[in-house]
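> Below are the sequence and a predicted model for it; my questions follow.
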Amino acid sequence: MSSTATAIPKMRRIVIPNPSTCRTMRGRALRGKCVRIGVVSVQLRHPGLVPGSTGRQAAQPMILGTPCVYILANRYNGALYVGVTSNLIARILQHREGTFDGHTKKHRIYRLVYFETGESMEGAIAREKQLKRWRRDWKRNLIERENPAWNDLAVGLGLEPLAV
């Protein structure tokens, strides 16, 4: 790496537990336990507390004011949008309500399929620019590593599921 290149700070990923893989943690059942994921502690809910859920859902982690890089999609392997924000929940609601004209409104891109948090907004913006330069298949691999079914992760943050 040259001396003029800026290093992109390491981003922390918040993983919303996947019902099919989040049965036990080191042999211990997770029911009703508080699980520490990265820097965020989440309380697991009982299945059925979130409308349309069939598995365990994570309660809303406290990420307000934390810089986040996120990827939205309109469907499985559909159109993608990469963005950055310091208030992920509010930004997802803006996308869903069509507050701003643009790519997400035109192509109805509302499903949160991936997000990660960072230390600073500058680092998050650098990561967003890096992801925007990536080829589509690299982004797809990134999404499928954490969310193979391309489920809407906004449900795990406390938002209503998307109408089908």
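Happy to help now that I have it. Residues are numbered from 1 along each chain as shown.
> which residues of this protein fall in strands?
Secondary structure of the chain (DSSP state E): strands located at 12-13, 24-25, 28-29, 34-37, 40-43, 68-73, 80-85, 111-117.
> residue ranges with poor pLDDT in the chain?
When residues are selected by pLDDT under 70, those of the chain lie in 1-63, 164.
> name the helices or strands packed onto the lengthiest helix in the chain?
When the chain is scanned for its longest helix (criterion: DSSP state H), the result is helix 121-133. Helix 121-133 sits against strand 68-73, strand 80-85, with contacts defined as 3 or more Cβ pairs under 8 Å, 6 or more residues apart in numbering; DSSP states H and E. (Each C-beta comes from the backbone N, C-alpha and C, glycine too.)
> Switch these over to CSV; also include mean neighbour count and distance to residue 119.
Listed next are those as CSV, based on neighbours: other Cβ atoms under 10 Å; distance: least, Cβ to Cβ, whole Å:
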stretch, mean neighbour count, distance to residue 119
strand 68-73, 24, 12
strand 80-85, 20, 13
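> Same list (those) but as a markdown table, adding distance to residue 158.
Output for the helices and strands packed on helix 121-133, formatted as a markdown table (distance: least, Cβ to Cβ, whole Å):
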| stretch | distance to residue 158 |
| --- | --- |
| strand 68-73 | 15 |
| strand 80-85 | 16 |
